[in-house]
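**Q** make a model of this:
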Amino acid sequence: MRTVVLLMISMTVPSAAAAQDLRIVDGDTIEIDSTIYRLHGIDAPEFAQKCNAAGGGTWPCGKEAVAVLTDLIGDQNVTCDDRGSDQYGRTIGVCSAGGIDLNGRMVSTGYAWAFVRYIEDYVAEEAAAREQRLGIWSNATEPPWVYREAKWNEASGEAPEGCPIKGNISDNGRIYHTPWSPWYSRTKVNEAKGERWFCDEAEAVAAGWRAPIWGVSR
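**A** Here you go, the predicted structure:
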């Protein structure tokens with residue numbers, strides 16, 4: 001009888017969730033089990049981007065956005081509600097960890113903008129963060145889409161055929177660097193090695209390159 005009881009108990013205990021293969025690419029992008037999710041409705045500062053500080057000077061808002069997203073996730077599994085895909089082949093998702101809406105929390109804590117160019121889901125969270133002068137709202141600063149455009153225009157004037165994305169091959173694989181990557185200036189394209197230039201990120205992804213990962217991997 002005892003064996004039967006123990007068997008029945010073991011059958012009713014839920015098994016622990018399988019650990020995910022998770023990588024935090026940047027402040028608004030994560031990779032879960034080989035699926036890349038771009039967080040729906042938000043735009044975080046780029047990893048190399050600096051924002052204006054309240055008392056003058058700048059602070060590394062891009063790096064801190066990655067740190068905040070990393071802390072929000074911790075060692076928890078992440079679930080994402082699929083909202084389609086973007087032009088780069090990434091899945092658009094509303095993602096959560098431990099009951100926290102990661103998209104909304106990044107905006108409400110002042111580490112991402114509501115990306116109203118596409119959707120207005122997080123306008124209220126942004127307004128609250130701006131009113132409290134949290135994070136990126138501590139002083140007037142350049143939003144990431146303006147930052148990216150300026151870097152792109154600067155680099156495309158010097159790149160072959162105006163295609164400024166550098167496709168690098170290393171021990172870590174085929175990784176492309178956009179003009180706003182912190183490694184952009186030090187990355188050299190050796191075409192004899194199979195490295196190449198790309199005109200946009202979609203072209204790089206289609207050719208088998210991936211973006212660098214700035215956050216943790218587990």
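**Q** for the rest of this, base every contact and every neighbour count on C-alpha atoms.
**A** Noted.
**Q** check contacts around the nearest residue to Ile100 once chain neighbours are set aside.
**A** Nearest residue to Ile100, sequence neighbours excluded (CA to CA, 6 or more residues apart in numbering): Leu72, at 7.9 Å. Listed by CA atoms under 8 Å, 6 or more residues apart in numbering, the contact set of Leu72 reads 97, 100, 102.
**Q** my guess is the first one meets Ile73, correct?
**A** Yes. Between Ala97 and Ile73 a contact is recorded at 5.7 Å, counting by CA atoms under 8 Å.
**Q** tell me the spacing between the residue nearest the centre of the chain and Arg210.
**A** The centre of the chain sits closest to Thr29, judged by CA atoms, centre = their mean, with a distance of 2.5 Å. Relative to Arg210, Thr29 is positioned 13 Å away (CA to CA, to the nearest Å).
**Q** and Cys80, by the same measure?
**A** Applying CA to CA to Cys80 and Arg210 gives a distance of 21 Å.
**Q** residues in contact with Ala127?
**A** With CA under 8 Å, 6+ apart, Ala127 has no contacts at all.
**Q** the same query, at a cut-off of 10 Å, please.
**A** 107-108, 110, 113-114, 133, 137 (CA atoms under 10 Å, 6 or more residues apart in numbering).
**Q** now for Ala159, how many residues are close by?
**A** 15 (other CA atoms under 10 Å).
**Q** pretty sure it is touching Ser185, no?
**A** No. The criterion here is CA atoms under 10 Å, and Ala159 misses it with Ser185 at 11.9 Å.
**Q** what touches both of these two?
**A** Both Ala159 and Ser185 are in contact with Lys166, where contact means CA under 10 Å, 6+ apart.
**Q** give the other helices and strands that the helix or strand encompassing Thr79 contacts.
**A** For Thr79, the host element (DSSP states H and E) is strand 78-85. With contacts taken as 3 or more CA pairs under 10 Å, 6 or more residues apart in numbering; DSSP states H and E, strand 78-85 sits against strand 29-32, strand 35-39, strand 91-97, strand 100-101.
**Q** could you redo the last one with a cut-off of 6 Å?
**A** Judged by 3 or more CA pairs under 6 Å, 6 or more residues apart in numbering; DSSP states H and E, the packing partners of strand 78-85 are strand 91-97.
**Q** mind checking which helix or strand of the protein has the lowest mean pLDDT?
**A** helix 2-12 (a mean of 39; mean pLDDT, DSSP states H and E).
**Q** now the helices for the chain?
**A** With DSSP state H as the criterion, the chain has helices at 2-12, 61-73, 102-108, 123-131, 144-156, 201-206.
**Q** just put these in TSV and tack on distance to Trp214.
**A** TSV is the format used below for these (distance: least, CA to CA, whole Å):
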stretch	distance to Trp214
helix 2-12	41
helix 61-73	7
helix 102-108	17
helix 123-131	24
helix 144-156	16
helix 201-206	17
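**Q** those: which one's closest to Ala53?
**A** In terms of CA to CA, the element of the helices of the chain nearest to Ala53 is helix 61-73, at 9.5 Å.
**Q** thanks again, I'm all set now.
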